[in-house]
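>>> Here is my input; please provide its structure:
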Amino acid sequence: MREDRGVSVTVSYVIQIGISTVLLAGLLIGAGSLIDRQTTGVATTELEVNGNRLAGDLTATDRLAAVTYGTNSTANVTDPANATVSVDVDLPRSIAGNPYRIEVTESAIVLTVDRHDVTVSVPYEPVYADSIATTSFEGGPVTVTAVYEDPGVRLEVNPQ
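Sure thing, here's the model as predicted:
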């Protein structure tokens, strides 16, 4: 009589479980990598959209300041130092589920998500204002303000 029949069933079962475990681990690792790449792509796109949105609102504030403070021929403000020009921009507090930083420089708006090592730079140069105040802060709602400095205007971006 054969006494090794029970062993072959057990060995076969252990081999099947081992192969299944290796296949499942490979699928999970591959899916994790795919999800990470997709999240990085989403973060890049969201940063570009929000950077362009902020640049658009900087342009709007720049144009409003030109009219208000007299850099445009249609301005008719008797006391530009007491006039206030500001635009609220409702930016999200997180990008792809992670906090991000906004840096405003003289020539660009730089947005960064550290967790995904993604940085997007949106070039910007004021048309009417003389300068942009450089600053850096956590992402979220901001206020763009045009500050009158006789004889010019400076744009500032500050978190709300």
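
>>> gap between T59 and V42?
Distance, T59 to V42, using C-beta to C-beta, to the nearest Å: 26 Å. Backbone N, C-alpha and C define where each C-beta goes, glycine included.

>>> ditto for G26
To V42, G26 is 25 Å away according to C-beta to C-beta.

>>> neighbour-wise, which of the two wins?
Neighbour count, other C-beta atoms under 10 Å: between G26 and V42, V42 has more, with 15 against 10.

>>> Do I have it right that that one meets A96?
Yes. With contact defined as C-beta atoms under 8 Å, V42 reaches A96; the gap is 4.9 Å.

>>> Excluding chain neighbours, what is closest to the residue positioned nearest the centre of the chain?
Centroid-nearest residue in the chain, with C-alpha atoms, centre = their mean: L47, separated by 3.3 Å. In space, and not counting its chain neighbours, L47 is closest to V120: 3.9 Å by C-beta to C-beta, 6 or more residues apart in numbering.

>>> next one: P99
Nearest-residue entry for P99: E138, 6.0 Å, with adjacent residues in sequence omitted and distances by C-beta to C-beta, 6+ apart.

>>> What is the burial count for the one you found?
Neighbour count for E138, taken as other C-beta under 10 Å: 11.

>>> For it, give me its contacts.
Neighbour list for E138: 93, 99-102, 159 [criterion: C-beta atoms under 8 Å, 6 or more residues apart in numbering].

>>> could you redo the residues you listed as JSON lines and give each row distance to L34?
Converted to JSON lines, the contacts of E138 look like this (distance: C-beta to C-beta, whole Å):
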{"residue": "R93", "distance to L34": "27"}
{"residue": "P99", "distance to L34": "24"}
{"residue": "Y100", "distance to L34": "23"}
{"residue": "R101", "distance to L34": "27"}
{"residue": "I102", "distance to L34": "29"}
{"residue": "P159", "distance to L34": "35"}
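
>>> where's the residue lying closest to I95 once chain neighbours are set aside, which helix or strand?
Closest residue to I95 apart from its sequence neighbours, by C-beta to C-beta, 6+ apart: E46 at 4.6 Å. Using DSSP states H and E, E46 sits within helix 5-69.

>>> A25: neighbour count?
A25, neighbours per other C-beta under 10 Å, totals 10.

>>> separation between it and A31?
11 Å.
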